[in-house]
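**Student:** quick check, what structure comes out for this input:
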Amino acid sequence: NAASTMDPGGIVYRATRPEPGLWTCEFHIPFAMLGFAPEHEVKIAFNLTVRKVPDDLWLMWEGTRAHSYDVERAGFIEFVR
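**Tutor:** Coordinates of the predicted model:
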């Protein structure tokens, strides 16, 4: 998707800190925003990046050796019926 179509309006995000030094978050991203409907088995490129400001770190689920948004170099999520 082009940057102009990446309106985050349909994304729901929630984070909690169950105890000091730990955190948990959830994302709900509408399938339509990703450009597919999971009626069949689908495999899409995906990455998740978190900014840890106190440590001046960017942490990625799967390293890309490039920008975090270069998902074709990252991991994949498979939706299976």
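**Student:** can you find the helix or strand in this protein with the smallest mean pLDDT?
**Tutor:** Least confident helix or strand, the chain: helix 31-34 with a mean of 78, by mean pLDDT, DSSP states H and E.
**Student:** from the chain's centroid, how far away is that one?
**Tutor:** In terms of C-alpha atoms, centre = their mean, to the nearest Å, the centre of helix 31-34 is found 12 Å from the chain centre.
**Student:** residues in contact with it?
**Tutor:** Identification of contacts with helix 31-34 by C-beta atoms under 8 Å, 6 or more residues apart in numbering yields Asn1, Gly10, Ile11, Ala37, Pro38, Ile44. In short, each C-beta sits where N, CA and C put it, glycine included.
**Student:** tell me which residues in it are buried?
**Tutor:** Going by neighbour count (16 or more other C-beta atoms under 10 Å), nothing in helix 31-34 comes out as buried.
**Student:** again, but for stretch 35-48
**Tutor:** Neighbour counts over stretch 35-48 (16+ other C-beta under 10 Å) mark Asn47 as buried.
**Student:** export the contacts of helix 31-34 to CSV and tack on distance to Arg81 and secondary structure?
**Tutor:** As requested, those are arranged in CSV below (distance: C-beta to C-beta, whole Å; DSSP: H, G, I helix; E, B strand; the rest coil):
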residue, distance to Arg81, secondary structure
Asn1, 24, coil
Gly10, 23, helix
Ile11, 24, coil
Ala37, 12, coil
Pro38, 8, coil
Ile44, 15, strand
